[in-house]
Structures are given as C-alpha cells and as structure tokens.
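Colleague: Build me a model:
(chains A and B, ligands or ions: 1)
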Amino acid sequence: MNTFLNYICDKVIESNEKDFSKICVVFPSRRAGLYFRNMLGRKFKAPVWSPAVFSIEDFIEYLSGYSFADSFKLLIELYKVYKDVVKTETETDSERVTDSNTFTEAESFDNFYPWGEMLLKDFDIVDKYLVYAGVLFKRIKNLKEIEENFPLELQDTFRKFWGSLFDTDSTLMKENFLKIWKLLEKLYTAYKSCLESKGICYPGMAYRKLQDDLKSGNTVIKWDRIIFAGFNALSNSERNIMRILSEKGIAELYFDGDDYYSSDRNQEAGDFIRKNIKNFGIEEFNFGNDLLKGEKNICSIGTSSAAGMAKVLGSELKEICAEKDFKPENTVVVLPEENLLLPVMYSIPDGIKEVNVTMGLPFSDTPLYNLINLLFDLQSSCIFEKGRYKFHHNNVEKILLHPYIKFVDSTLVYEILNYIKKNNIVYFSPEEYPENVPGLFESVFKKLNFSADTEKYLREIIEFIADRIISDKSGDVDYRKFQLEYIFGFYSNFNRFSDTINEIITEINTETYCKFLLDLLKNVSIPFTGEPLKGLQIMGLLETRNLDFENVFVLSVNEGVLPKGNMHNSFIPYSLRKAMKMPTYEDEDSVTAYYFYRLIQNAKNIYLVYNTEIGNNVKEKSRYLLQIENELIEKNRKIKFTGKIVVPEFTGIEKKAIEIRKDEKILEKLKSLKRFSPSSLIKYITCPLQFYFEKCAGLKEKEKVEETFDSRLVGNVIHEILENLFKPYEESEVDEKEISVIIEKTRNGFDEILYNAVRKCGSKYILTDTGGKNFLFRNIVYQLLIRVLENEKKLVPYKIISLEKEIDDTFGFNSGGKEIKINIYGRMDRVDAKDGVTRIIDYKTGGFELKKFKKDNPTEYFENLISNSDFKENFQAFFYGYFYSGKHKEEKINVGIYPVKKLNEGIHTLMDGYIENELFNIFEDNLKKLFEEIFNPEIPFKQTEDEKRCSYCPYAGFCYRDLKNAI
Amino acid sequence: MSNLTIYQSSAGSGKTYKLAKEYLKFAFRYPGAFKNILAITFTNKATEEMKSRVLNFLVDLSKGKNEELKAQLTEEGVKGDIEELAKVTLNSILHNYSDFSISTIDSFFNRVLRSFSKELKLQINFDIELDQEKVLDEITDMMLKGLKDDEELKKYLSEFILMKINDDRGWDIEKDIRKLGNEIFKERYIEKKYAALEKGSGRGISDSREKIKVLIEEIYKIKKEFEIHLKSIGDNAEDVMKRYGLEIEDFSYKDKGVMGFLILKTRNPKSEYEITKRAEETYSSNEGWCAKSSKKKNEIQSAAEEGLHSLLKEAVEYIRDNSRKYFTAVELLDTVYTLGIFEDLNERLSRFRKENKKLLQSDVNGILKSVISEDNTPFIYEKIGNSFRNILIDEFQDTSTFQWHNLLPLIINSLSENNKALVVGDVKQSIYRWRSGNMKLLLEKIYSDLEGFREEVKTEYLRTNRRSCSEIVKFNNSFFLAAAGKITDGIGDGAFVELIKKAYAKDSVEQDYKKEGGYVCIEFFDSDDEQEIKAVERAEEKVKEIVKEVLKDGYGLSDILVLVRSNDEAKKISGLLASEGYRIISSESLLLNNSPKVRMIADLMKLINDNKDELAKADAVYNYLCFIKSSNDSLAAVFENAGKLFYDKIPDEFFKESEKPKIKPVLNDTGVFEVCENLIKILKFDEVPDPYLIKFQDVILEYAKSNNSDLKSFLDWWEEKKNDFTIDSPRGTDAVNIMTIHKAKGLQGKIVIVPYANWKLNIDGTKDLIWASAAEVPFGISSAYAVKAKLSMRKTFFEEDFNYEFAQTRLDNLNLLYVTFTRAEDRLYVLVPEKKNTENIGNVIKSVIKEKYNPEGNETAVGIKSKKKESEKKSGVRTETLKHFISDYWYKKIIIRPKHRQMREFTDEEFACKVNKGVVLHEVLSRLISFDDAENVITKMIYEGIIRESDSERIYGEIEKLRNNTVVSDWFSSRWEVKPESDILLDDGSFIRPDRVLIKGSEAVVIDYKTGSVKEEHKKQVTKYADTLKEMGFTNVRKYLLYFGNNEDGVTFTEVSG
Ligand code: SF4
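Modeller: The predicted model follows:
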C-alpha cells in the first residue's frame, strides 16, 4: 500500500541526512507519529537518530513555553474570576433591576460548572481562531453602533443578529441573553490575565501566543526542517503558524487526501484540503485516487441493536480471519461510541490472538466506578436515629455484594446479610451488629461529614482493595491485571482532583464533592497502553488520522454518531460564529467526513455497520452510507458494494406445559404432610401445580427485608387484635356496654396493642419510627378497627362461644382401594351464638364474593366448590361448618363472613337461617372426592387454566406466566 | 392565494407520498431551498421513513425514473428540468445532511430548549429523562420517606388509602401513588396548573395546602347543610301526616308515590334525592296525593292543604336549587385528598429536576410555552442557526395543545413572510389522546388560531385509497358515515356532536379506490342467556375457520393480521392459533422474558449474588434441562432436586476450577455486562446467534449507560422492567401477526381478522380519573380536581368536563374501529361476540349493519373471496441471518503494558516517598535539557498529575543537589550537544530511548536513569545503547548508570565498562 506515512518517510529521507534529529515532523495526532517512526526505522539497515515527532498540540505547547492546565483546574480558575466579575458588575451596574431574574448574582460552583465548561470551549475557539473578542462580545445598544464600530464585512450579520433582538418586543429571554452577554467580554479578558499571571493556559491561549511570538520573531526554532503532515482543518492560529514558518523556508506541508473528495467541490470531506491548498498557494498536489480507481469491497450492514453491531462485527471478523492472507495488524475496528468497547472486545473471534486497544475503556464501565457510585449512594441513604448513623439495607446489601467488598470476606458478607434479613433491619448500623466487623467494613459504613472526610474515606477503601487484589493469587490472572489498571486509572485522576478541589473550595459539602468526582470520573477512560503496532487495532475515529489499514470495520455508522451532528454546545450564536469565521457544525461535519473518507481511501475491505433500530438515541443510517450508495459506487465501478441487513435467526419459542406425574415419592410426601388446611386446599383448587411446588417440592421464596405492609398483614393484624380484644369475653354475653369498653381500650392503648399484634403475627415488619409507611399502616389498622367495633354495636347482643378456635381433626377417604386418613387443621376467627344459631364467623379484609347457593342445582354448586376457586369463600365456609358440626351435632350452624372493609353490608351468611345437615353430607362426599383427586396417581398436578390466578404466584417464572406487556 | 394547506388524509390515502412530494416542491424552488424547510413528524420511525422517502424520490427522479411522480410535479407547477433539479437537490442534501431538517417534534423542541438553557436558567447540560416511571418511583419514594414529619401529608395519604379500601381496590399504596402520579406528567394536568399559575394562585406547597383544608371544610359543610335541611322537611312532613292519623300506605302508590319522596327520600342520602315523576306532578298540580278509591281521602286532602303541599314545594325547590352544589361536594369527598398528594409530588418533582439536572420530556413543551412567541421567533432562528420558511407537519391529529402553542408562532412567522406551510392529519385516526394528543386542533383550533390569515388557509382532502380493495373501501365509506351517527347518540354535549360529525363528514370519510376486488365479512355471535363466554368461544372457532380458509385461497400466514384490543386478548388468540399448529408472532412471543436463555442468565446472575436463592436455582436448572438441553429428566426430579442438579448439570466452567461450589472468579469480579458475556460463553449459548440474547445484551448496555452496573442493582431493575422489552418483529417470517390496534397504526395486512369487535364504548367510571373544574363557590378554590368519571358527574358542576370526556371516549373508540377496519388490503373479517349490559362497539356495528345491510341474519358479507394475487416484489435491502455469535474472553487477548506497577506510589505513602523520588526525578531529568528548564518542567508535571503540588519543593531540592555534583552537572552543561528526544530508530521498526545522550564529534556519552538497586540487566541495557551508538558511527562511547534513592544522598552513579 502506498500510504501517506510512507510518503512522509520518503520526504524525510529525501533530505539525505543521517541525523534526522534536525528534522521535526508534526502530525495531527501522536498515534500517527508512532506509526511513522516505526516505518522510518525499517527503511534503514543501521540505527538512525529519530526526527523529533510531535502532535500539533504538543508542538505548540512546547514552543509556546506555556503549560496546558487540566480542564478542572481551568474551570476552577474561571469560576474564581467569574465571581469577581459578577461582584464588580453588581457594584457598578446602575441599570440594575431588582427582579428575581437578574444574572447579577454569582451562581454556586455547582451550577456554574457545566456552563463554565462551555465557556472554556468558546474561549478556546476564540483564541485558536484569533477572533477579535472586542468585536464579538461587544454589547450593542442600538443598531447604529454597528455601522460606527464594525468592519464592513461583518455589519450585515451583526445587524441581522442584533436586529432580531431589537426588532420585535423585548421578551424575558432576550433580556436574559443580553445580561449574560454583557458578562462575557469582561470575563474573557479577566480570565486570560489571571491565567497568564500563573503561567498556565488553555490550549487556545498558547496557540494565539505562539502565533504572536512567531510574528514578532520571538521564537527560537532549533530544527532545520519542520514537516507538517496530514493536516486537514486548521484554525487561524495554526494556519498562521504554519505560514510564517514556511515563509521562513523551514516548514513544509503535506496533505493526506484522495482525488475523489479533494477535487470535487461538492464533497464536504475535501473542504479543508481545498482551502489549505488555496491558502498556502500550493500549486500542484498529487493525491491518491484509490477511491476513484481502486478495487474495493464495501459492505454496509444493518442490524437491529447496538450490541448486535458488535456481534455482527465478530461474525464478519471470524469469516475474514480465516482467509489466508489475513493479518490482524492490517485490520482496524473503529468505534465512534466508546461504550461499545466492551461488547466489541468480547466479540473478537478465537482466530485473532492479539488485540491492541488504543481508545480507553470508559471508567464508568468498570466495577470500581460502580463501587464509588454505590458508596456515595450509601452515604446519601444515611439517617441519624437513636444516636446512631444508619444506612438503608438496600444500599448496604449492594455494597456488601459488590465484587470488591464481597471478595474481602464473603462469609462475613453473607452473615451480615442474613442478619439483616432475619431481623428485618430496614436501616443498618454496624455498631448494632452483634459481632465485630473488621477493618474494611468499618471503614465503609462510616458517615461522612466534610469533603475532606470523603477523600480519606475513598483512599482508605480503595487502598485496601488494591492491596487485596495485588496480594490475591486465586483470581483469574488475566483479568486481575486489568482490575489493577482501573485502580491505577482512578488514582491518577483522583490525585489531580483532590489537589485542585482542595486548593479552591475549602469547605464544600460531601454531596457536592461526590457529584464533582463522579462527573469527572465519568469522562475518564482507562488507557490500555499496549504494543501499539501489534495485533488487531481497536480505536476511535480520531485516532485513525493518517493511518491506513487494509481491512476497516466501522461501527455505529448512524447519523448522530457519525457525524455527531448539529449539536452545538456554545454560547455564541450560530450566525455570529459564522461571521467571525469560527467553526460551525458545517465545519465539524466536513471534518468528520474527511476522517471517514480518508480512513477508507486506501482500504481494501470496508465494513460499515449501522443500527437499524431507530429510537430516541439512534438515528437513521449515516449520510456517508447514502453518499457511498448514491455517488461513490456510481463513480467507481470497481467497487464491489454489498448492502444487507443481518439479523440473528428468529426461532419461535416453544412453550411446554408443566405437568407433574405423581410418583411414589410424591404420594408418600402427600401422605406425610402434617395437615391440610382450608387454605392449602384452596391453593390446590386454584392451581394444583402451585400446590405441588409449595407442598411437595418445598420450593420457598427468598427471604427479604420487608419494608412495607401488604393487605395480608393488615388482615392478620386485625384478626389478632380482635381476638385479643374479645378474649376476656369468651364464653360470655356481649352487649353494647362491653363494646364501648373495648372501643375505649383501643383508643387509649392502640400503639401497644398494635405492636404486640404485629409481633405475634410473626411479621418481620417492624414498627419503628423510620419512614412514613409505618405511620400509614398504623392509621389504616386503627381506622378499620374502630369501624369494626362501632359496627359491632349493631350486632349485639350475642354470646361469644370461642375465638380463634382451632379445628384439629382427621378425615378419611379411599385411594387406590386403601383407606387414607389425613389430618385437618383450621382456625375459626369467631364462633358466637345469636338467636339460637351458632355462627362461625370469618373476618375478611380483602375483597371476596360469597356465591349464592342455588337450591335447584346443588350438584353443580358443590362441584364448583371443589374445583373453582371463585367459590373459595364458600368452600372455606362449608369446611368450617362441616368440621364444627361434627363435634356439635345438636347445634344449628351457620357460617358468615364479616367484611372488614364493607361493614355497611353486614355479615354475609352462607345460608339464610342455618345449614341443614343434609348439605354437610353432600359436602363430605365432595371433600372426599377432592382428596381422592389429590391422591390419585393418575391425575397429574396441572397448571391452572385461568391465568389471572398466576399474577401473585411465586412460581409464575417456572410457568412463564409472569409475562405482561403494556399496550 | 393559499399559503397554508391542511390535508385531511384518510387511511391508506398515501399521506407520506403526499408529504414527500410537497417537500420536493418546496425544495425545488431554488438551490439550497431544502435548508429552509422544517418537516415535523411524531415518531422517530416516521422521521426515518420520510427522510428515506424523499431521498428515494430524488434518486429515482435524478435517474429519470418514476415518470408518474415527474408528471405530477410538472402538472403541479414545478418548473424546469426535473431530472436536473433532483440531481442538484440530492447532491445538496447528501452533502449538507445536517440541514436536512426532518425531525420529530420532540427533538426539534429539545434542540430549541437547549440553545436557550442559560437564558432560561436551566442547567446547561441537562438530560432529558424519558423514563417517567423511574422518576415517579424516585419521587414517590422520597415522598414516603419524608412522610415522617408531615402531618398533613399523612392525613392525605391515609384518606387516600381509605378511599381505596372503600372501593375495594388494592393496598399497594406505592403503586397507587405512582399511578396517580402519572397524571402530573400529563398535559391536561400541567395545563390546569399553568392556568392557575397565570392567575397567580397555586404557588408553593403550603399555600395550596391551606386552600385544600378550607375546601375540605366547605365541602363537608355543604353536604351537611343540604342533608339536614331536607331531613327537617321530611320530619315536618311526617309530623303533619301523623297529626292527621295517616300512614304512608294511605297515600297513593304508597312508598313509591309522592309521600315516598317527601318522607323517605328526603331523609335518606342514599336515595340521591331524586325527584320522582309523581312528586313532580303533585308538586305542580297539587293532585295525586291519594288514590281515587282511598277511604281517607278527606284526611289526606286536609293534610295536603295544611302543610304537605307546601313542604313538597319546599323540598322540590330546595333540591332543584342546591343539588348541583351538593352532588359536586359529595363527588369531591371521594378524591379531594388526592389534590394534596398531587401538590406534594409536584413539589418533589421540581426538586428532582434540579438535583439531577434532568428535565422530563413532558416538561419541555411546558417550559417552551412560556418562551416561544412571535416576538422571539427570529431570535430563536438566529440562535439555533436555521431559519425555516416552510413548515410541514405530519400526524397533526396527535399534536398536543402545548406543542401546537409552540408551533404556532413558527407558522405565523412563515405565513407573515408569505411562505407556504402545510399540515397533514386525520382526526379519524387519532387514538393517542392519552398521550395528550388533541384532535380538536385539527378540527377547529388551527382555523381559529390562524383567523388572521383566513384567506390563506385552505383544506384539501386526500381521497384516494391505495391500500384497500374496492369492496373494503366502499364498505368503510358507508359504514363509518352511519357509525358516526350512532356514536353521537347519547352524547349530551351538542358542540361535541358537531365535532364528531365534522370528523366523520362525508368529505372526510368517503374515498375512491385504486384496487378492484376485496371482501368484507361481519359476523355476530349472539349469547343466549348469560352465557357470554359461549359467544366468545364460537367467535374463536370462527377465527380458526377463517385462517384455514385463507390459507386454502393461497395466502400465507404472514399475510394475516389479527387485531385485538388488549394483551389479554392477544394472549388468548395466540394460544388458540398456536394450539392449531400455526406459527405466530405476538408482542408476548417477542418478549425477552419469554426466552429461556435470557431467564437462565438472569437466574445465574441472582445466584452469583446469593447462592442460597433456591427458586433461582430451580429455575435455572429447569430452563437449562428442559429448554436448552431438551433433556428427558422427569420434571418432578428437576424441581425436587434442583439444588443437587445445579452442581451436576450446569457446565463446570461456571465454577471455580477444582473448587466446585465456588463460582468462577471473573463472574464475581465484573459488572453486569461482562457477567452476561461470560455466562453466554460458559453456557455455550454462543453456538447459535440468538435474537433474544443479543437484545438482552443491548438492554444491559443501555441500562449500564446511566445506572449502577453491579448485579444487584441490575437485577432489581430487571425485576421491574423485564416485561418491557421485546425483540424486533422478525421480517418475512411465515407467521400470523397478532397485535393490538394501537401498535398496528400505520401498518397493514392482506387479511385482517378482528376477533373481538366488542370493546367498551364508554368511559369507565370506576377506573378513569378525569380532570374537572368548576368556578362556583367554593369549588373555584382549586384549579382542577381529579375525579372519577362516573355518570353521576352529570348532576354536578363538573357536567361539562364529564360530557366532554364522555364524548371524547366514544369518539376514541370509533376511531379505533376506523383504524382497525382500514388496515385490511384484501379481506376484512370482523367478529362480534355479544356482550350484554355494557354499551360496546359491537352494538354500533350491529345497528349499522342491521340498518344498512342485513336486518335479519347474523352474517353479512360483501365482495368476493378471490385467490391471492401475486404481488410485485418489493425491492429492499437483502436480509441475511447472522452466522456466528462470538463471545470470547477479551482479557486474554488484549495486549497491555501494565501501568499499575507504579501504583504503590499512590497507595503506600512510605513506599511512595522512596519510589516517587526516583520515578519523579527520573521523569524530571529526562525532560531537562539544562538545569534552567527545571521550573517549567516541574510546573508542567504538576498539571499532568505526575507530581503532587505538595511535593514540588522536595523535588526542587533534589535537583539542586544534582546540580552540585560535578560529574552530573557536566552532563547538563553546554559543553555537549544534547540529543533531546534522543530516540534512535532501529531497523525492525522499534526504537530505543536512552535517558540521555551527549555527543561531541565522534565522542558520545550515554546515561540511563534507574531506581532501586544495581542490577545486571541495567548494565546490559546501557551497553546495548552504547553498542547502538557505535553502530551509528561513534567511536568513543562512554556509558553511565544513574541510580536514585539508594542512600542518603539520593543519587549515585557508576560508569559501566566493557
Ligand atoms: S404460575 Fe399459575 S399455573 Fe404456574 S403454578 Fe403459579 S398459579 Fe399455577
């Protein structure tokens, strides 16, 4: 391949010197320099002095004598200046109005931060493009000023812009714009002189300074030749620097382009090359023309997700790496989106053994970032209660389960977690934990108060972890080394951060501190510095500048990514930027287009993968694909173009019904079940399979901390309380007087009553005074209770026979010719006697429906009773009635349900009057039938047909009945 | 001259075609004209479609293809060589693509908002949060946590829960609050809110609470007063009656007659104080107190004269005058507490926005509403850098009030400059009202808002249906005209009746057709007695028959589109057809959570977190053995021995080598995305590419962008969201498509089957909340109330709001039917199982059919069932299946030169001191040409983070020491030529970088800096450097090693010989 770098080598060698150290080569990027030196060295048999090789930024920084400060530092300096400017502004501003909307009060650093970043970028551009800030930032009061003060060529634009502000009525937005604008000029000047005094700068400042110095001849150049290689878009300062040097006869410029776009005025990719050629008066330039003449394969592949793009890449790579002449180092994978790096790294096929990643891994993809985030979340979950700092159990759990923490002592981690669940601890404090927690855990669960604490806190934890990882030999060695890189990456940024932030803001609170740190870390990437020239290359688009590869894969070839598109983050309005010749989105588009075409111009096999799933974050396929389809392949017939959509094959999923045959083991299990209660039978009626999972397979849900109540708990607690309240009246008559006493008692001692009941119900839900839900719980129980009691007044007088009386009985039936006896169990909320009828009463807090008994069709009714869970209340009623009557043959019995929620409906009784014995007999037959079915080995445990039953079933996952999909 | 054209575009009328064509007409006017066109669509998908439609037109035209379009363009006034125009425009768009402004309404307005964020005092880098649910969760949580000290809020919530209990609904307050909370994102709420703000009320939370308190008191007062007053009338009446020795039975019709009203109804709030007909008659005539045959005629007559009649008069009049107020109060009692909850949520929402630098999509339009005005339009254009002259708006019926408010200034701006704009929409297809779409805009408001440009606004109807065959078009033409008439029955609101009539006017409904043929079949399934279920079953049987029939006629499964109203219905039909052995695609079958592999991975993730999770273990084993391995293990064994099977059957790679119960370390060490990849590899799921898995990975990737990436956090999230994700509907798969009507909008099918055309027609009074307001005292206190949409609202001051909602709902349902019927190309089958006791769309269908087609039978069919015609192949992009599914451990392949060796400097203070001295000095020296550069070099290194500022003093000290050493200071003197970047390139492409090389003539000195103790390899290295120098022609080469940090002086050096 006759590549551009090769050409530059030739240019260097041409000078025929042995000692190239008198030559300086400047590339747009460092990476190009690396490749270049490698190439140059290979051209000689003996060692040679290397030329000085720079990226343009390094070159300018080097010559300007300034030091670039890092952006966080720059920001803090800007903020300080901003505060001063606003202050003096306020003091001197006579037109100041006192409405709430002025911009005359300095914002907190927190709010300023993002805006400051934007300003910094704007200032940088202003300097790089040598914009006269006095004109740009001038605040115009009337349009006349423009004619008086502005150069002719700018007047139109400025008049139009300011006109749009003045023409129509003033609005709040316009006024606000003017207020901010007024600040800018002052800010710009003050900021620069502040930086200057400290000897630091943002890049633009150095660019401008070097330009000025060169102009005035103040700079010593120690090279004989300076080669500027492969530049495209040049800022005014860069252009001037190059021009001055080339006028001195030191500098030479070479551009890396292809005829296809360089010579076609329509192609935005060539915009800057054409401009440069014109600007530097270069008469003739020989560009390659491989795009127009060469043979190429271009393959455009759409697929339906971002992760899918990585997999498509993997699949195509696997195909081509099987080819004979495939060399990984001739292959590049370009990732315009950083977050695809992990997916892509996982999708490199076996056939490729070495990979070099030049882009960094976003720090936010690392477990370490995750940990820091969790630590901060933990902090914000902290409450102060009973003299202790406590952390929400959910955050505690996340921290403990985090790989780095769990790794330290997983036994202890699980012990603590168990402790939390067992004791239902909503807020956890390590001091309350019965055992001693060792070092790290103690450090983690510490409440932070000041930012200085935070720094120490993080250092302590992360050092601990780093030590453990270093000394641990049991892990996956290949992976451990990367973990250490993450930690290293963290440190190098964290140190810088701490230095800067401590210097400026002495006492910011922990929260702000954390926010900044996370913001900063979010933008950090962990470099994988490897053997840059070995193996398959994975890089970002910017890094491909000046490099050529035979096989090129580009991912995310979608609008919005490639190019990024019209998202200008600048305070300076578009039209003013344009007028002042500052770069606009059109320029950015041209630059990206150039990178793109330059990347493919010498390649042989080009794969462009895009996402077809258009959504909020994904736009249509990139314009470059359209350009290729509609133009390039028309102009170069030698290009073999394939456009396709690649998707994984859709194989429908076959669902299987679950049916459990009753083998011996299961039958044994059934027989050995301790007892059958109405609720377990109802469970069977509702869904035999659910019954099986719970009773036979013994599958239990995981324990978790209960932070809130559910209706079941409300029900149970009300049962419990009612029992306690009525207990003293068991076996005695109750009249209105007694009820009043009970109500009084409830009103006065409710909290204690409630507390005891909750405890007794075995609920883990503990009433502490944290969180508001408990309050609601208390209130609801109270309200319902009082309502029940008030209602009781209407029901008296009656005699209470028993409360929460248990049914403990046996029941026999036939199965496979053998008599089986099983135990029966149940609990009747209340049995009372009124008007000569014994009533068995069940409180129901939930919704229910007692079905009417149809005299004319008892068979159907009883069939329903044992097969249809809509009849579950009826079933239960009969169940109690039947077993009660067994022991109280002489009594007239009725069963009723007491709807706690709908007291006005009164007690719903199963029958009017009482239940005739004959019906109990029918019930008995049916109950036998039910048990016979349960024990019948021929009838498997099946899933219920009514899927509504599945919505609260813990086993819905097994049945694939937890699928819901919103419309 | 008309500058704004409003196209009413019925279904299938080629709306996109029209838009694209109009776009071209604008774009052809002058070079670069396209930059001044803004086309607005509603969905991202529509944006993409329209862009590609425009581009395809241009490509075709520029190649001289598409004669028809070309002819139309010429006919419609495009001048010049169309081929040339297309070429130029295409080229211009392709190379200025950023100016190709076809955009969704949201992204356009987001862009505007962003460019003004500073002026609006918004956070510059705010994000737009699209996940409202997430936000709601968060603020609900905050609210409940903050409950502790907020007595009033506690009260609101308790009342709210009691209301729930009374309604016998769930207890899950969090869910309920969230559901309620959803309202605060809706425009109908925000709108009321803004209205209140403009009136200067409703600011701040405590203020409103005051008002709510007052309101609640007032409401109770009203209720009580009314009831007491009437009760006293009833009591008096009873007294009078008793005085005359009468009983209620003595009066005519007994308790059902006028006395029943006067004595019973007045005293029983449950009676709703209905003035019965008989009471009414007696009230006006003073007759009818007693039956003609009554024995106590005289007594009754006297009682009436002596008081009953005047009491009756009083009662009737009192009720007439005060009942509205009373019923309004009663209605409000139920929901008034929600007001307080709203206030609180709202407050928390604004705090959330600030703290998280986030705006919600629903905020954007509201904020811009206060920004965009005609006065600002030019300035806005200046700032965003585009100036739009022509504006095209698609799907206008779905535009919301706020959106329209914000678009209007742009349109006015464009019209005032005498530019053209156009709007396309179809009220009949407006089915997104719940997303704040307001169809009234298209019907009325656009005309009234542009009153000033009346001359320039024109309406056109797109009449030609290109989608459906003639019989279907003809059927729909007459059907919907009649159906609209039926729908308006029972709507109280006269104005709204007019609107519906307008929406379904003849002009709007009737279409021409392009394709001959087609078939429509409507069948009713009566339910005998109460057995509605039987009717449904018969309809379902019919579905099977239809499928059989169309397959016989040559159609494929993929030609069939079954449209249903809800997911439950979709499930039923899916089950039905699947059991017949047909392949189906439904949104459920596409769910990620429906994939055993996805489930299995989630299970294993749970287990990595907590190896005691028995359900997860069983689930993993079950999925693995039964779905993935298709093994024949008995299910009982699987569930009962899951714990053991787990260790036996799950691949060994899942566990730590030779320490089985322990898990492979890397699974413990990584974030969720990496764990997923590793599991895929371990489980060998990478053998076949699987769409569900890839999508699952995508979901994780997207999740990890903005959430915590640990397993626990992910799993918590997944538990909530697992039913929200589906894979793309696979194209070209031979399967019946089953989907909801809402999803089918914009789609079409050769055969459309509607199995359950009996959805409810009216608003659901038990479920739906609506916003209502009343100006009457005291109800004007709050700007609006969320109340239940019960029919009884007609008795309140909220009648108007209710009627509007009521009518809207009916229209929505008609629109749904319109969308449904117009999806069909060749055949439309509509099955109507009878549903009793609820007014449903089936009634409408039935009465239209009985009236216009078939008064007798249950089946009506028009057209003929012809065999499937071969349709022309649409040329599209080739689709291939993914060949390989690669998932491989990356960390074995990536080459790195680890930097973390330097780490101890960061972590171990003491060590750091020692090493740092070395490493930092090393770095400083290698950057120094002469000692004079020291300051520059060190400052720079501070900013690079290599030197901590606190350390710099010490380093200056060290340098000073070196300077005092004679040998070393010679190396930094001007006696030598220093090779600054003294890299030497070797012939294999690598290079060496001795720390310092000094040369003079053929004499050279090479020095290398080292830390730690003297090692043999150091010598080797420096010797290699020296040898290289010799190779380069230096004859006299000396070599030194300089060590840092070995003794008190800090620096030692040795000359290396040999
Ligand atoms: S999900 Fe449904 S079918 Fe499965 S066990 Fe639970 S209730 Fe039964």
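Colleague: C-alpha only now, for contacts and for neighbours.
Modeller: Will do.
Colleague: so what's A:Pro899 bridging to?
Modeller: Each beta-bridge partner of A:Pro899 is listed here: A:Lys844, as defined by DSSP bridges.
Colleague: For it, the count of nearby residues, please.
Modeller: Look at A:Pro899: counted by other CA atoms under 10 Å in any protein chain shown, it has 20 neighbours.
Colleague: got it, and A:Phe693?
Modeller: Neighbour count for A:Phe693, taken as other CA under 10 Å: 20.
Colleague: Neighbours of the nearest residue to it once chain neighbours are set aside, how many?
Modeller: Counting by CA to CA, 6 or more residues apart in numbering or on different chains, the nearest residue to A:Phe693 once its immediate chain neighbours are dropped is A:Leu699, at 5.9 Å. Burial of A:Leu699, expressed as a neighbour count using other CA under 10 Å, amounts to 18.
Colleague: Can you check the pLDDT for A:Leu699?
Modeller: Reported pLDDT at A:Leu699 in the predicted model: 87.
Colleague: So it, which state does it fall into?
Modeller: Secondary structure state of A:Leu699, per DSSP: H, G, I helix; E, B strand; the rest coil, is coil.
Colleague: swap in the one 4 residues further on?
Modeller: Following three-state DSSP, the label given to A:Glu703 is coil.
Colleague: Confirm for me that it is in contact with A:Asn423.
Modeller: No: counting by CA atoms under 8 Å, A:Glu703 stays clear of A:Asn423, with 10.9 Å between them.
Colleague: quick one, what contacts A:Glu61?
Modeller: Neighbour list for A:Glu61: A:67-68, A:203, A:206-207 [criterion: CA atoms under 8 Å, 6 or more residues apart in numbering or on different chains].
Colleague: Can you pick out the ones from these that are in helices?
Modeller: Those of those mapping onto helices are A:203, A:206-207, per DSSP state H.
Colleague: Not counting stretch B:921-936 itself, show me its contacts.
Modeller: Residues from elsewhere that reach stretch B:921-936 (CA under 8 Å, 6+ apart): A:65, A:67, B:937-938, B:955-956, B:958-959, B:963, B:972-973, B:978, B:980, B:995-996, B:1009-1010, B:1044.
Colleague: Tell me the one of the contacts of A:Glu61 nearest B:Phe42?
Modeller: Of all the contacts of A:Glu61, the one with the least separation from B:Phe42 (CA to CA) is A:Pro203, at 42.6 Å.
Colleague: so the closest one touches A:Asp124, yeah?
Modeller: Yes: with contacts counted by CA under 8 Å, A:Pro203 reaches A:Asp124, the gap being 6.7 Å.
Colleague: Overlap in contacts, these two.
Modeller: When contacts are counted by CA under 8 Å, 6+ apart, the set common to A:Pro203 and A:Asp124 is empty.
Colleague: low-scoring stretches of the stretch 901-1050 of chain B, by residue?
Modeller: Along the stretch 901-1050 of chain B, the model assigns pLDDT under 70 to residues B:901-917, B:943-946, B:980-981, B:1045-1050.
Colleague: and if we set it to 90?
Modeller: Counting by pLDDT under 90, the ranges of the stretch 901-1050 of chain B that qualify are B:901-983, B:987-1003, B:1007-1019, B:1021-1022, B:1031-1035, B:1038, B:1040-1050.
Colleague: all helices of the stretch 751-900 of chain B, in order?
Modeller: Under the criterion DSSP state H, counting those that start in this stretch, helices of the stretch 751-900 of chain B are mapped to B:799-821, B:841-852.
Colleague: Summarise which helices and strands the first one is packed against.
Modeller: On a contact count with 3 or more CA pairs under 8 Å, 6 or more residues apart in numbering or on different chains; DSSP states H and E, helix B:799-821 meets helix B:470-488, helix B:494-503, helix B:741-744, strand B:769-772.
Colleague: Could I get the contacting residues of B:Lys35?
Modeller: With contacts defined as CA under 8 Å, 6+ apart, the neighbours of B:Lys35 are B:99-101, B:386, B:388.
Colleague: follow-up on the earlier one: out of the ones in helices among the contacts of A:Glu61, grab the one that's most surrounded.
Modeller: Counting by other CA under 10 Å, A:Tyr207 has the largest number of neighbours within the ones in helices among the contacts of A:Glu61, with 30 neighbours.
Colleague: these two touch, right, that one and A:Val126?
Modeller: No: A:Tyr207 is not in contact with A:Val126 according to CA under 8 Å; the separation is 10.7 Å.
Colleague: Need the three-state assignment for B:Ile546.
Modeller: helix.
Colleague: For chain A, see how far away it is.
Modeller: Taking CA to the nearest CA, to the nearest Å as the measure, B:Ile546 falls 23 Å from chain A.
Colleague: For A:Cys514, give me the pLDDT.
Modeller: In the prediction, the pLDDT value recorded for A:Cys514 is 86.
Colleague: Now for it: which residues touch it?
Modeller: Under the criterion of CA under 8 Å, 6+ apart, the contact list for A:Cys514 reads A:Phe376.
Colleague: quick one: it from A:Asn373, how far?
Modeller: Separation of A:Cys514 from A:Asn373 (CA to CA, to the nearest Å): 9 Å.
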